[in-house]
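In: what follows is a predicted structure for the sequence shown.
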Amino acid sequence: MMEKMQEIRLFSRKLIHRTTKEYKIPAQHLDLLSQLALSKKSMTPMELSKIMEVNKTVISRIIDKLSEGGYLIKAKDQNDKRSYSISITDLGIEEIDKIYTYYLEPIYKLRKKLGDEEFFELMFCIERANAKLNED
């Protein structure tokens, strides 16, 4: 099993780019921006909290920080003035595109070297492993 662990470590190290100042953004901030970009609609802090499995207080702090940076827009709910929804801005989309282009480069290279069939087989196995790990 120790040999398999070393293979996984080597695989991970080759696929993960190290952060640089240019691309440094906290993982939870990037995750929140990604959730908004993928949903293609406004979301409430509560929805984001549930999807990301992060405390709503933490989500609120992340939203405030990203909003200050111009990456998000907060819109008050017309019916409930205490509630609001969040949308990603064009600047937010540009930022995650830039970051993901950098971080996904090794994965694109792997897909090209393996070919689509082997790459998607690998991804299927990884997704199945993640699902099993989430069962606990």
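Out: Good, I have the coordinates.
In: what sits against Val54?
Out: By Cβ atoms under 8 Å, 6 or more residues apart in numbering, Val54 lies in contact with 28, 48. Heads up, the C-betas are built off the backbone N, CA and C, glycines and all.
In: rerun that using 10 Å as the cut-off
Out: 28, 31-32, 48, 62 (Cβ atoms under 10 Å, 6 or more residues apart in numbering).
In: which SS class is it?
Out: coil (DSSP: H, G, I helix; E, B strand; the rest coil).
In: torsion angles phi and psi at it?
Out: With angles defined as degrees, to the nearest 10, Val54 sits at phi -130, psi 140.
In: from Ala75, how far off is it?
Out: Per Cβ to Cβ, to the nearest Å, Val54 is found 21 Å from Ala75.
In: give me the element the residue nearest the centre of the chain is part of.
Out: Centroid-nearest residue in the chain: Asp31, 3.2 Å away (criterion: Cα atoms, centre = their mean). Using DSSP states H and E, Asp31 maps to helix 27-39.
In: so what's Gln28 closest to, chain neighbours aside?
Out: Nearest non-adjacent residue to Gln28, counting by Cβ to Cβ, 6 or more residues apart in numbering: Ile62, 5.8 Å away.
In: would the one you found count as being in a helix?
Out: Yes - counting by three-state DSSP, Ile62 is part of a helix.
In: burial measure for it, as a count.
Out: Residues contacting Ile62 under the criterion other Cβ atoms under 10 Å number 22.
In: ok, which stretches of this structure are strands?
Out: Under the criterion DSSP state E, strands of the chain are mapped to 72-76, 84-88.
In: which helices and strands does the lowest-mean-pLDDT helix or strand in the chain pack with?
Out: Of all helical and strand segments in the chain, the minimum by mean pLDDT, DSSP states H and E falls on helix 2-15, at a mean of 87. For helix 2-15, the packing partners by 3 or more Cβ pairs under 10 Å, 6 or more residues apart in numbering; DSSP states H and E come out as helix 90-114.
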